[in-house]
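Chemist: Pasting the sequence and the predicted coordinates here, then a few questions.
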Amino acid sequence: MKKFFAILLVTMLASSLSACNTVKGFGKDVERGGEKVQDTSDAARTGGSTGGSK
């Protein structure tokens, strides 16, 4: 059973990395996601809108 989950995890990881084409691209995607979360958090704290960009 552990082997099955290990293979499943590796397959899922490989799929997610191939979707970004490169590890560098994956890092950029994660960074953008983090920026959006931070923008939303900042807007919630100040009562502003999340529609703007940096």
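Modeler: It's in.
Chemist: buried residues in stretch 27-47?
Modeler: Judged by neighbour count using 16 or more other Cβ atoms under 10 Å, the buried positions of stretch 27-47 are residue 39. All C-beta atoms are positioned from the backbone trio N, CA, C, and that covers glycine.
Chemist: so how far is that stretch from its chain's centroid?
Modeler: Put simply, stretch 27-47 sits 11 Å off its chain's centre (Cα atoms, centre = their mean, to the nearest Å).
Chemist: same check, this time on stretch 36-52
Modeler: With Cα atoms, centre = their mean, you get 18 Å for stretch 36-52.
Chemist: can I have that stretch written out in CSV, keeping just the CAs?
Modeler: Extracted C-alpha coordinates of stretch 36-52, given in CSV (Å, rounded to 0.1, in the frame of the first residue of the first chain):
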residue,chain,number,x,y,z
LYS,A,36,-2.3,37.3,-4.9
VAL,A,37,-2.8,35.8,-1.4
GLN,A,38,-0.8,38.7,0.1
ASP,A,39,-2.8,41.3,-1.9
THR,A,40,-6.0,39.8,-0.8
SER,A,41,-4.9,39.7,2.8
ASP,A,42,-3.7,43.3,2.6
ALA,A,43,-7.0,44.4,1.1
ALA,A,44,-9.0,42.6,3.8
ARG,A,45,-7.0,44.3,6.5
THR,A,46,-7.4,47.8,5.1
GLY,A,47,-10.9,47.3,3.6
GLY,A,48,-9.7,48.0,0.1
SER,A,49,-10.3,46.3,-3.2
THR,A,50,-8.3,43.4,-4.6
GLY,A,51,-8.8,44.4,-8.3
GLY,A,52,-5.6,46.5,-8.6
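Chemist: what comes into contact with the lowest-mean-pLDDT helix or strand in the chain?
Modeler: Counting by mean pLDDT, DSSP states H and E, the chain has its least confident helix or strand at helix 2-20, which shows a mean of 80. Helix 2-20 is contacted from outside by 23, 26, 29, using Cβ atoms under 8 Å, 6 or more residues apart in numbering.
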